[in-house]
Every structure is written in C-alpha cells, then in structure tokens.
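Q: can't give you the sequence, but here's the structure:
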C-alpha cells in the first residue's frame, strides 16, 4: 500500500499502555505485552503500563492521570470494547475525547471483518484526542491487538502525533 507522505524516521513517540480487565495480571496480560513489544520494535518508547478494572470511573481516572503527563504522546487501551455488560471502556473514553477519529473504528471493523466475519460488528474500537494525547482503544484479544497495531496504529502513529503538535 502506498504511503501518502513520508514521516520523519528520527521521530519517536512515548506511549502508555493500559489493559482494561477484571482478570488479567501483568503475567497473563499477553495483549498488553504485545502492544509494548510492537511499540519497542518500532523504536517508540513505553512510558507507562498498567492494568485496571473495567470500571468507568477507573478508566476515566486513568485517562485524566495520563493526560497530565507531559512526556506522554499516546495512550493505547486494550480490552472492554465489546457489548457485554462489563465492557465499559468505549463509553468511558468517548465521553472525554475532544475530537474523535471515526475512521479508526471504521477501518478496524472492516479489517476485522476480513478476518473474523460479521462478528466484527460487536467491536467498539475508538480513537481520538484527550487534551494533547492521542488515545486508541482496541479489543483485548491478541489477534485484535496485532491487527490494530500493525495495520492502523503503527503505520500512522508518527503522522497523527505530528498533526496534533502543529
């Protein structure tokens, strides 16, 4: 696929990784570990990592806390994006975003559809801006994380952060 413009290869961004789960621990959080590894492989930095419960207040508190960290550019959430009663990540994040990137969720669901079929409609992946941070929220499965990171987030991360800094 052709890139519309060249990004600065010297630029690196600092990211926070937040896993939203009622059951995962740092030892069992394969998706959070995968996000961190993919960021590091792409020469970005991980400035924070945490696991929080799927509680709207905790999710919003985490966004607000990370929003105050001047050294962070991006926050990547994984987990809690489905439609089960305990899946509250989308609802908690969407309320705080000053701008949304609807194309992120649309493209994620399209790419997911190509892999898993019509079950992709249940994903509420979202991206946008909170204060001066780029926020991504993706499903918690490792396959979904791999898809979002490799096809959408990593290819556009430098461009999106550059656009925010203008």
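A: The structure has been received and is ready for your questions. Being a predicted model, the structure only gives us computed values, none of them experimental. Numbering: from 1, shown residues only.
Q: give me the pLDDT for residue 92.
A: Looking at residue 92, its pLDDT stands at 97.
Q: residue 20 versus that one, what's the distance?
A: Counting by C-beta to C-beta, to the nearest Å, the separation of residue 92 from residue 20 is 9 Å. Where C-beta positions appear, they are placed from N, C-alpha and C, glycine not excepted.
Q: over to residue 120?
A: Residue 120 is 20 Å from residue 20, by C-beta to C-beta.
Q: ok, those two, which is more surrounded?
A: Between residue 120 and residue 20, counted using other C-beta atoms under 10 Å, residue 20 has the larger neighbour count: 28 against 18.
Q: if I pick that one, what's in contact with it?
A: 51, 52, 53, 54, 59, 77, 78, 79, 80, 89, 140 (C-beta atoms under 8 Å, 6 or more residues apart in numbering).
Q: any common contacting residues for residue 92 and residue 20?
A: With contacts taken as C-beta under 8 Å, 6+ apart, the residues that reach both residue 92 and residue 20 are residue 59.
Q: for the longest helix anywhere in the chain, packing partners?
A: The longest helix of the chain (DSSP state H) is helix 102-116. Counting contacts by 3 or more C-beta pairs under 8 Å, 6 or more residues apart in numbering; DSSP states H and E, helix 102-116 is packed against strand 126-130, helix 142-148.
Q: which helices and strands sit right next to the longest one?
A: In terms of contacts (3+ C-beta pairs under 8 Å, 6+ apart), helix 142-148 is packed against helix 30-41, helix 102-116, strand 133-138.
Q: and of the ones you listed, who's closest to residue 145?
A: When the helices and strands packed on helix 142-148 are compared by C-beta to C-beta, helix 30-41 sits nearest residue 145, at 4.5 Å.
Q: and that closest one, how far out from the chain middle?
A: Centroid separation between helix 30-41 and its chain, computed with C-alpha atoms, centre = their mean, to the nearest Å, is 11 Å.
Q: buried sites along that helix?
A: For helix 30-41, the neighbour count (16 or more other C-beta atoms under 10 Å) marks 31, 32, 33, 34, 35, 36, 38, 39 as buried.
Q: good, we can wrap up now.
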